[in-house]
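Asks: A structural model of the following input is requested.
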Amino acid sequence: MDVLNKYVGHFEDTSKTTGNIGLAGHNRGYKNNYFENLNKVQKGEEIKYKYNDFEKVYIVQSIEIIKSTNWSYLENTAENNITLITCVENKPDERLCVQAIEKQDTEQVKSQETVSEENQTNNE
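Replies: Numbering: from 1, shown residues only. Okay, the predicted model is just below:
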């Protein structure tokens, strides 16, 4: 039986807790359409992920339409990311791909950018 008929699917070649977590789900036409509102997600919104006792919050960074054969979005990353993939209605060769970075990592990046900007100002 298809995993996606009952659950959100996990891409086996991706991590379940660190790096790039890859998940897939149906968005319409099935009993369980866990990603039915994925097409409404916007950059900057939060995604909460829970796996057993593991929980993290991610901030959406990119929303793309990709080819169904494009697996590059599932490659491992140094940052803690989550990648959500679902079908695009009436376009069997395309997928909606939403990528988000761990909220803590996002805050660290902003902090590093601020420090970098301060250093540039002090050096002028």
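Asks: So what touches the lengthiest strand in the chain?
Replies: Ordering each strand of the chain by length in residues (DSSP state E) puts strand 54-67 first. Defining contact as Cβ atoms under 8 Å, 6 or more residues apart in numbering, one finds that strand 54-67 is touched by 16-17, 41-49, 73, 80-82, 85, 88, 93-103, 106. Yep, even glycine has a C-beta here, placed from its N, CA and C like the rest.
Asks: Going through the residues you listed, which ones are buried?
Replies: Among the contacts of strand 54-67, the ones that count as buried by 16 or more other Cβ atoms under 10 Å are 41, 47, 49, 73, 80-82, 85, 88, 95-103, 106.
Asks: Lowest average confidence across helices and strands of the chain, where is it?
Replies: helix 103-123 (a mean of 58; mean pLDDT, DSSP states H and E).
Asks: gap between the two ends of stretch 6-21?
Replies: Start and end residues of stretch 6-21 are separated by 19 Å (Cα to Cα, to the nearest Å).
Asks: helix/strand/coil for E36?
Replies: E36 falls in the coil class when you classify it by DSSP: H, G, I helix; E, B strand; the rest coil.
Asks: Can you give me the separation between the closest residue to L4 other than its chain neighbours and F54?
Replies: Once flanking residues are discounted, L4 sits nearest to H26: 5.3 Å by Cβ to Cβ, 6 or more residues apart in numbering. Remark: distance between H26 and F54 (Cβ to Cβ, to the nearest Å) = 24 Å.
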